[in-house]
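Q: Below are the sequence and a predicted model for it; my questions follow.
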Amino acid sequence: MDYYTDKNRWVLSDWNSSEINDLIQGLNKIEKYTWVQIKTHGSKKPGSSVGTGYKLISSHPSLSENIPEDIKLSEMRIDEKKRIFGFRVDGVYYIVWFDRDHSVCPE
């Protein structure tokens, strides 16, 4: 369901085929983990790039009007530069942004 995906910024259609292959590999890796593993699989040290790197994002660009105000936006690492941003409702993770060059919330 792409209802929550931002159609104007950080869209998947900007990615080239190699980047999409990286995304698919990253999503295949992430889908093997439970939510507990996702939340704990990554480095807590700044600058480290291991695991999913899951973290809640409090300071982020404005969200589309169709996204509920009470969501908790999070980031997951696809690889060293690529990220996905979204939120979880029950057992479903809704992707809002596909960040190919770590530009949504650069560190």
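A: Yep, it's here.
Q: center of the protein, which residue is that?
A: Ile84 (2.0 Å; C-alpha atoms, centre = their mean).
Q: And that one, which helix or strand is it part of?
A: strand 83-89 (DSSP states H and E).
Q: That strand - contacts with which helices or strands?
A: On a contact count with 3 or more C-beta pairs under 8 Å, 6 or more residues apart in numbering; DSSP states H and E, strand 83-89 meets strand 74-77, strand 92-99. C-beta coordinates here come from the backbone N, C-alpha and C atoms, glycine included.
Q: Check what contacts the longest one and list those residues.
A: Pointing back at strand 92-99 there. For strand 92-99, the external contacting residues (C-beta atoms under 8 Å, 6 or more residues apart in numbering) are 1, 3-6, 9-12, 14-15, 23, 63-64, 67, 73, 82-88, 104.
Q: Quick one: buried ones out of these?
A: Among these, those buried by neighbour count (16 or more other C-beta atoms under 10 Å) are 4-6, 10, 15, 23, 63, 67, 73, 82-87, 104.
Q: just to revisit the earlier point, hmm, the residue nearest to the centre of the chain is touching Met76, no?
A: Yes: using C-beta atoms under 8 Å, Ile84 is in contact with Met76, at 5.3 Å.
Q: Would you check how far apart the closest residue to Trp97 other than its chain neighbours and Ile67 are?
A: Computed as C-beta to C-beta, 6 or more residues apart in numbering, the closest residue to Trp97 that is not its neighbour in sequence is Trp10, at 3.7 Å. Trp10 is 14 Å from Ile67, where distance means C-beta to C-beta, to the nearest Å.
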